[in-house]
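Engineer: Make a model of this:
(chains A and B)
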Amino acid sequence: MHPDDLEISDLIVDYDASSLERKRVRWQPVLEYFRGRRDRAATRIVGSLPRDGEFFDNDEIDQILLMSHMELQRLEEEFLHGQRILDLVRAMVTAAELHGVPKPFRAVDIGCGLGYIVRWLTCFGGLGAGVELVGVDYNACFVRTARVLAEQEGLRCRFEVGNAESLAAPATFYLSSGVLHHFRGRDLTDFFARQNTGVIGFLHTDIRPSSITPLGAWLYHLARMRQPLARHDGTLSAVRAHAAVTLLQAARTGCPELRIHVDDQGTLPIFNVFQSVLGVRPELEEAFLAALAKRKVECRL
Amino acid sequence: MTNLGLLLAMSLTDSIFSGYRAGAGRNPLLHKVDYTLLSFWSGLLLGLGGALVAAGGALAYLYWQKCSGKPVLDVIAILNDAALPLVRCYGVFATGVLLVMLFWTYPRRRTRELAVVLILGPCTLIRPFWIAGGAAWASLGVEPALAALIVLTAAVQFGVEHLLNRWQRRAQLLRMRQWM
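Structural biologist: The predicted structure follows:
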């Protein structure tokens, strides 16, 4: 596996750039791509995916992706990911309150999937009525499921199909989890650049790369994931994860108006599975960092 | 009977964990204590079913030996002795897993991550090999009928998790159909 390899889920799903309508994807080019990369596991997995003639069967693919995301949620649960994101969100909210940013603060989760983080923050975050939590994803099936799950548990959060940067009600700040490694080079800079103005900052969390990350990810996904696609893409995600310096560079280039930090406390890489790249308006920076440090001391668990 | 009793206890404990594993990652709700308990219970119930199958095998062996003229108590003693290597082998694994779980309860988030990724995950991976290896070790040097019984017992333990996974997958697909 190579950092420039694409994940299976990057290729088997496609959307129209303007209407965001789900497009049908031909399986043959995807199969050829992985054959060309000599990725035998991916070739085998793609070869076994449900087809409808010369295209992938979108309904069946959605079902596989849904199951994969449920397994991904288990990973997030085991890693206490909700608490990790809450530390960041609380610091941002505290800084915004101190500087009189008008409420409600709208936190938009980009690429929310089944909305685990948004639902968790709504349920356990104690963020109050002044913070609106919105999950956005291109995949309508994920969003539909996230809405059903939120409704079943009586959670007051919203999920929208579409582009996070063009919501009718604009975001106060963005967050994401496991999204950054999907962008490379210019696309990564552009991703940050779209968040340069109109918001007070962003909080993006992703896997922290180290020499043992690929091995750890491979072992972990082999043990925990059942879907072959989830195993493959999960392991590749760890290989594709960006180094802190890459994230800093891309974020600083894309967002010259924000102050950028990478949050990856810890001395040994094995103790640090995730890192967050944080952007904040200069006037909020001091309060944000102070709130984050305080929060971390309070929540050492 | 001590070894047989310990083996049964470990088999049921393993089945309970199998129930948890089969259910994990299939329900995306936040509040799922009932679901998780149901997973544990399903593991226990199927584990009891598996124990009945293994007990059936042991009874067949007992009957066969009795017909050959051996006293029942002697045959039970043979079964108890045959269970000893399994108890030792699986006991080491079970103790190891429990120690890791103790490590997992240490109140630091990063310690828990380490326990989950580097230890509990690999434990799940090596479990089938450990079960098979233990059965192979216990089968060495015993008569073929007893070796077959040991292999049956190990196979039943694998079967329990397989059946639990099939049941949980079907339930998961039914839930998903309601959402999609």
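Engineer: The helix or strand where B:R170 lies: which residues count as buried?
Structural biologist: Assessed by DSSP states H and E, B:R170 sits inside helix B:144-179. Along helix B:144-179, the positions that meet the burial threshold by neighbour count (16 or more other C-beta atoms under 10 Å in any protein chain shown) are B:146-147, B:149-158, B:160-161, B:163-165, B:168, B:171-172, B:175-176, B:179. Just so you know, the C-beta spots here come from the backbone N, C-alpha and C atoms, and that holds for glycine as well.
Engineer: secondary structure element for A:F202?
Structural biologist: Here A:F202, judged by DSSP H and E, is contained in strand A:201-207.
Engineer: could you give the angle of the helix or strand just after that strand to strand A:201-207?
Structural biologist: Following strand A:201-207 in sequence order, the next helix or strand is helix A:213-224 (DSSP H and E). Angle of helix A:213-224 versus strand A:201-207, following axes from the mean of the first three to the mean of the last three C-alpha atoms, to 10 degrees, is 80 degrees.
Engineer: Helix A:213-224 near chain B anywhere?
Structural biologist: Yes. Applying C-beta under 8 Å from any C-beta of the partner chain, one finds helix A:213-224 touching chain B at A:216, A:219-220, A:222-224.
Engineer: which helices and strands does that helix pack with?
Structural biologist: Under the contact definition 3 or more C-beta pairs under 8 Å, 6 or more residues apart in numbering or on different chains; DSSP states H and E, helix A:213-224 sits against helix A:58-78, helix A:228-240, helix B:121-139.
Engineer: again, 6 Å this time
Structural biologist: The contact analysis (3 or more C-beta pairs under 6 Å, 6 or more residues apart in numbering or on different chains; DSSP states H and E) places helix A:213-224 against helix A:228-240, helix B:121-139.
Engineer: Tell me which of those is the most buried.
Structural biologist: Each of those was given a mean neighbour count from mean count of other C-beta atoms under 10 Å in any protein chain shown, and the largest, a mean of 23, is that of helix A:228-240.
Engineer: what about dumping the CA coordinates of the very next helix or strand once past it to PDB?
Structural biologist: Moving toward the C-terminus from helix A:228-240, the next helix or strand (DSSP H and E) is helix A:244-254. Only the C-alpha atoms of helix A:244-254 are listed here, as PDB (Å, rounded to 0.1, in the frame of the first residue of the first chain):
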ATOM      1  CA  ALA A 244       1.600  17.100  11.000                       C
ATOM      2  CA  VAL A 245       4.000  19.200   9.000                       C
ATOM      3  CA  THR A 246       2.000  18.500   5.800                       C
ATOM      4  CA  LEU A 247      -1.300  19.500   7.500                       C
ATOM      5  CA  LEU A 248       0.300  22.600   9.000                       C
ATOM      6  CA  GLN A 249       1.700  23.700   5.600                       C
ATOM      7  CA  ALA A 250      -1.600  23.100   3.700                       C
ATOM      8  CA  ALA A 251      -3.700  24.800   6.400                       C
ATOM      9  CA  ARG A 252      -1.400  27.800   6.600                       C
ATOM     10  CA  THR A 253      -1.300  28.100   2.800                       C
ATOM     11  CA  GLY A 254      -5.100  27.700   2.500                       C
END
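Engineer: Which strands and helices lie in contact with helix A:244-254?
Structural biologist: Judged by 3+ C-beta pairs under 6 Å, 6+ apart, helix A:244-254 is in contact with helix A:186-193, strand A:259-263, strand A:274-280.
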